[in-house]
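Enquirer: Attaching a predicted model along with its sequence, questions to come.
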Amino acid sequence: MRLRYLGFGLLPFAILAYLVGVGYDPAFTTPTDVVFFLSTGGFALAAALAVRAGAWISVSVSLGGFALVPWLGDLGLGPHFIAFAAVVDALAFACVGGVVLIAIEYAVRNRRRVVDSVSRQTLLRSFAVGIGHVLAVVLVAEAAGDAVLGIAAELPDGQPVEHAMLALVLIGLVALGAVPALLFIRWRLRLPALVVAGGFAFATYGTWRYVQETVHVGASPSPMIVYAVVWFVPLALALVLGALEYRRSPGSRQQRLSH
């Protein structure tokens, strides 16, 4: 087990070596450092837990995706046409997507255990929290002048891709509220809820600062809109920390001993 964790612990350095090998100059700045090592390190931890639990398909798919990331920029012309920082950002999105894939595969592989252990009342309560999370995001964004309700009113005249993007954001925000609620109600996992609550509080504070310091409120997206668009980042972090907390819980230890 320790060897498996060590192997995935070296994943950030293996990815860095690969990027250097295909021609990138790792011009790290402080934000790039943080994004690279947090995203790849977080995925490595999630991957180690996933392989141990038997959910290895999503890990393999994600690793294949990482290999393609340097070649996706500028119509596939190659790695020298986009900056290193842009590749790191794309890799971070791939890492987050990999964590979400891992969670989906684990749920599918253990669907009977998941379905049997969650009651309809628990699902309804979690879904209600998710809807409340969406309403809270909309209220804060409206207060910042982002005209979210105006966007909804213009939907009939929008393009299909705009409808799809809005639906993705809404589904993501519901999941961002519902999943931590479900994990807390059913398994008493606190870390996922703390991650989402912290992210929402940080976005709310940033939006308040935005309203206080911006001359033309609504001229640019507020921090709350950014929080809504990148919902998958806190969701991935919540899933990773939730998996770690679950593995350290007494119920998880008893289940492993019984097997």
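Expert: Nice, thanks for sending it over.

Enquirer: I'd like to know which elements the helix or strand hosting V115 is packed against.
Expert: Here V115 is covered by helix 111-117, with elements defined by DSSP states H and E. Counting contacts by 3 or more CB pairs under 8 Å, 6 or more residues apart in numbering; DSSP states H and E, helix 111-117 packs against no other helix or strand. Heads up, the C-betas are built off the backbone N, CA and C, glycines and all.

Enquirer: Could you pull up the mean pLDDT of it?
Expert: Taken as a whole, helix 111-117 has a mean pLDDT of 76.

Enquirer: what's the helix or strand that that helix is followed by in contact with?
Expert: Note on helix 111-117: by DSSP H and E, the next helix or strand toward the C-terminus is helix 120-143. Applying CB atoms under 8 Å, 6 or more residues apart in numbering, the external contacts of helix 120-143 come out as 148-149, 170, 173-179, 181-182, 185-186, 196, 200, 203-204, 207, 211, 222, 224-225, 227-228.

Enquirer: what's the answer for stretch 234-248, then?
Expert: Against stretch 234-248 from outside (CB under 8 Å, 6+ apart): 42, 45-46, 49, 95-96, 99-100, 102-103, 172, 175-176, 179-180, 183, 187, 189-193, 195-196, 199, 227, 252.

Enquirer: Make a ChimeraX selection of the buried ones in those residues.
Expert: For the buried members of those, the matching ChimeraX selection, counting by 16 or more other CB atoms under 10 Å, is:
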select :42,45,46,49,95,96,99,100,102,103,172,175,176,179,180,183,187,189,191,192,193,195,196,199,227
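
Enquirer: ok, V88 - contacts?
Expert: T32, V35, F36.

Enquirer: Do I have it right that the last one meets P12?
Expert: Yes - using CB atoms under 8 Å as the test, F36 is close enough to P12 to be in contact (7.0 Å).
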